[in-house]
Structure formats: C-alpha cells, structure tokens
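>>> Build me a model from this:
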Amino acid sequence: MAELVRAPIDVPRLLEAAALHAARNGARAIEGYPNVNRAERQPPAFVWTGFESTFKRAGFSEIARRSPTRPILRKALGRGARVAARPGATQKRRRSAHG
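As a prediction, this is how the structure comes out:
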C-alpha cells in the first residue's frame, strides 16, 4: 500500500489567496485568530489557526487581544479596491439587499 505523504502548507501563500478571494467577492477586510509563537513546542490542537508572526508578515495588524496568547488580527482589503480577475473569469456585480 502506498504511503500518504503530506506536502507542507505554505501559510503566507494561503493567507494571500484568502485575501484575494475575499477582495474579489466584495470583502473589505479579513480577520485571523492566530496563536502567539512560544519557545516551547505546542500541540497541533493549539496552533492550527496559525502563528501571529506569519499573519503580521502577510500584512495583518492587531486590532484586539482578549488574552496574552490570542491576538485578533485584521487585514484591510481597501474599500472599492479593484482586484484583477482570474484569466478567463467574468465578474458579476452583486446588488445589495438594501439598495
């Protein structure tokens, strides 16, 4: 039986893709709820949301901190920012339910 090999996750690239997807769909910002990097190894259950340093390198800024190890980070995507469409994709203009 073949052994399953997992490729490492490129978190900065994943964050950039999330921001691009959100911007293309009208979001003004995205948030992350990572953990603070600590010197000792942490169990995966506590770090699956990512590390603060990775989010900050990707352009996120701290907006709140509810505990010493859990910052709330946000990346503004720019109101009305134009985001290039994927090649071959068509953009649809969404109408707001309020007008």
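>>> Sticking with the residue sitting nearest the centre point of the chain, tell me its helix or strand.
Computing the C-alpha centroid of the chain and ranking residues by Cα atoms, centre = their mean puts Leu15 first, at 3.9 Å. Remark: Leu15 resides in helix 11-24, with elements defined by DSSP states H and E.
>>> now for that helix, which elements pack on it?
With contacts defined as 3 or more Cβ pairs under 8 Å, 6 or more residues apart in numbering; DSSP states H and E, the secondary structure elements packing on helix 11-24 are strand 29-32, helix 52-57. For the C-beta atoms, the positions are set from N, CA and C on the backbone; glycine is no exception.
>>> quick one on the thing from earlier: the residue nearest to the centre of the chain: what's its closest spatial neighbour, skipping adjacent residues?
Spatial nearest neighbour of Leu15, chain neighbours left out: Ala58 (4.3 Å); criterion: Cβ to Cβ, 6 or more residues apart in numbering.
>>> which other residues reach the lowest-mean-pLDDT helix or strand in the chain?
Of all the helices and strands that make up the chain, helix 44-47 has the lowest average by mean pLDDT, DSSP states H and E, namely a mean of 76. Contacts with helix 44-47, where a contact means Cβ atoms under 8 Å, 6 or more residues apart in numbering, come from Asn35.
>>> before we move on, the earlier item: so how far is the helix holding Leu15 off the chain centroid?
Averaging C-alpha coordinates over helix 11-24 and over its chain gives two centres that are 6 Å apart (Cα atoms, centre = their mean, to the nearest Å).
>>> Can you dump the C-alpha atoms of it in CSV for me?
Output in CSV follows, covering the C-alpha atoms of helix 11-24 (Å, rounded to 0.1, in the frame of the first residue of the first chain):
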residue,chain,number,x,y,z
VAL,A,11,0.7,29.6,5.1
PRO,A,12,1.8,33.0,3.7
ARG,A,13,0.6,32.0,0.3
LEU,A,14,-2.6,30.6,1.7
LEU,A,15,-3.3,33.9,3.5
GLU,A,16,-2.6,35.9,0.3
ALA,A,17,-5.0,33.6,-1.6
ALA,A,18,-7.7,34.1,1.1
ALA,A,19,-7.3,37.9,0.9
LEU,A,20,-7.5,37.9,-2.9
HIS,A,21,-10.6,35.6,-2.8
ALA,A,22,-12.3,37.8,-0.2
ALA,A,23,-11.5,41.0,-2.1
ARG,A,24,-12.8,39.6,-5.3
